[in-house]
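Asks: A structural model of the following input is requested.
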Amino acid sequence: MKTLTIRGLDTELDLKIKERATQSGESINKIVLKLLKASLGIDKNKAFPIYHDLDELAGTWTEKDKLEFTSNIEELSKIDKDLWK
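Replies: Next up is the predicted model:
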(Lines give C-alpha, C1' and ligand atoms only; values in the text may rest on other atoms or scores of the structure.)
Protein backbone atom coordinates (compact mmCIF):
# COMPACT_ATOMS: atom_id res chain seq x y z
CA MET A 1 0.00 0.00 0.00
CA LYS A 2 1.13 3.49 -0.80
CA THR A 3 1.40 6.41 1.60
CA LEU A 4 0.13 9.85 0.61
CA THR A 5 0.72 13.17 2.34
CA ILE A 6 -1.88 15.87 1.77
CA ARG A 7 -0.78 19.44 2.33
CA GLY A 8 -2.83 22.61 2.50
CA LEU A 9 -5.88 21.42 4.45
CA ASP A 10 -7.80 24.45 5.60
CA THR A 11 -9.36 24.57 9.06
CA GLU A 12 -12.91 23.89 7.85
CA LEU A 13 -11.93 20.78 5.88
CA ASP A 14 -9.82 19.52 8.78
CA LEU A 15 -12.73 19.95 11.20
CA LYS A 16 -15.24 18.30 8.85
CA ILE A 17 -13.01 15.25 8.39
CA LYS A 18 -12.50 14.96 12.14
CA GLU A 19 -16.25 15.36 12.80
CA ARG A 20 -17.05 12.61 10.29
CA ALA A 21 -14.47 10.32 11.90
CA THR A 22 -15.86 11.00 15.37
CA GLN A 23 -19.46 10.43 14.26
CA SER A 24 -18.66 7.13 12.58
CA GLY A 25 -16.18 5.92 15.18
CA GLU A 26 -13.59 5.35 12.45
CA SER A 27 -10.07 6.68 12.04
CA ILE A 28 -9.37 9.84 10.09
CA ASN A 29 -7.36 7.75 7.61
CA LYS A 30 -10.29 5.41 6.98
CA ILE A 31 -12.69 8.33 6.50
CA VAL A 32 -10.36 10.07 4.04
CA LEU A 33 -9.99 6.83 2.06
CA LYS A 34 -13.78 6.40 1.95
CA LEU A 35 -14.28 10.00 0.84
CA LEU A 36 -11.66 9.69 -1.89
CA LYS A 37 -13.14 6.42 -3.18
CA ALA A 38 -16.66 7.85 -3.13
CA SER A 39 -15.63 11.00 -4.98
CA LEU A 40 -13.85 8.93 -7.64
CA GLY A 41 -16.76 6.52 -8.01
CA ILE A 42 -14.84 3.48 -6.84
CA ASP A 43 -16.55 2.97 -3.50
CA LYS A 44 -18.34 -0.27 -2.84
CA ASN A 45 -22.05 0.48 -2.90
CA LYS A 46 -23.68 -0.84 0.21
CA ALA A 47 -27.07 -2.48 0.01
CA PHE A 48 -28.08 -0.50 3.08
CA PRO A 49 -26.17 2.78 3.28
CA ILE A 50 -25.74 4.44 6.66
CA TYR A 51 -27.19 7.93 6.90
CA HIS A 52 -26.38 10.53 9.51
CA ASP A 53 -28.95 13.20 8.66
CA LEU A 54 -31.05 12.50 11.77
CA ASP A 55 -28.20 11.87 14.22
CA GLU A 56 -28.79 15.16 16.04
CA LEU A 57 -32.29 13.98 16.96
CA ALA A 58 -31.20 10.69 18.51
CA GLY A 59 -31.75 10.60 22.25
CA THR A 60 -33.60 13.91 22.43
CA TRP A 61 -37.00 12.62 23.55
CA THR A 62 -38.09 13.31 27.09
CA GLU A 63 -40.06 10.79 29.13
CA LYS A 64 -43.17 12.86 28.37
CA ASP A 65 -42.47 12.60 24.61
CA LYS A 66 -42.06 8.83 24.91
CA LEU A 67 -45.31 8.41 26.80
CA GLU A 68 -47.20 10.61 24.34
CA PHE A 69 -45.83 8.68 21.35
CA THR A 70 -46.58 5.31 22.94
CA SER A 71 -50.11 6.45 23.70
CA ASN A 72 -50.62 7.68 20.13
CA ILE A 73 -49.52 4.41 18.52
CA GLU A 74 -51.27 2.10 20.97
CA GLU A 75 -54.21 1.67 18.59
CA LEU A 76 -51.86 0.36 15.91
CA SER A 77 -50.88 -2.68 17.97
CA LYS A 78 -54.43 -3.96 18.36
CA ILE A 79 -55.28 -7.01 16.25
CA ASP A 80 -58.72 -7.29 14.68
CA LYS A 81 -59.29 -11.03 14.99
CA ASP A 82 -62.19 -10.90 12.53
CA LEU A 83 -59.76 -9.93 9.79
CA TRP A 84 -57.68 -13.08 10.37
CA LYS A 85 -60.40 -15.71 9.98
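Asks: from now on I want contacts and neighbour counts done on CA atoms only, so please keep to that.
Replies: Noted.
Asks: can you give me the buried ones in the helix or strand bottoming out on mean pLDDT in the chain?
Replies: Counting by mean pLDDT, DSSP states H and E, the weakest-scoring helix or strand in the chain turns out to be helix 28-40, with a mean of 91. Along helix 28-40, these residues count as buried under the neighbour rule (16 or more other C-alpha atoms under 10 Å): 28, 31.
Asks: what's the next helix or strand after that helix in contact with?
Replies: Once helix 28-40 ends, the next helix or strand along the chain (criterion: DSSP states H and E) is helix 63-73. Helix 63-73 has contacts (C-alpha atoms under 8 Å, 6 or more residues apart in numbering) with no other residue.
Asks: quick check: mean pLDDT across helix 63-73?
Replies: What helix 63-73 shows for mean pLDDT is 95.
Asks: and that helix, how far out from the chain middle?
Replies: For helix 63-73, the separation from the chain centroid amounts to 24 Å (computed by C-alpha atoms, centre = their mean, to the nearest Å).
Asks: what of stretch 78-85?
Replies: Computed by C-alpha atoms, centre = their mean, the chain-centroid distance of stretch 78-85 equals 37 Å.
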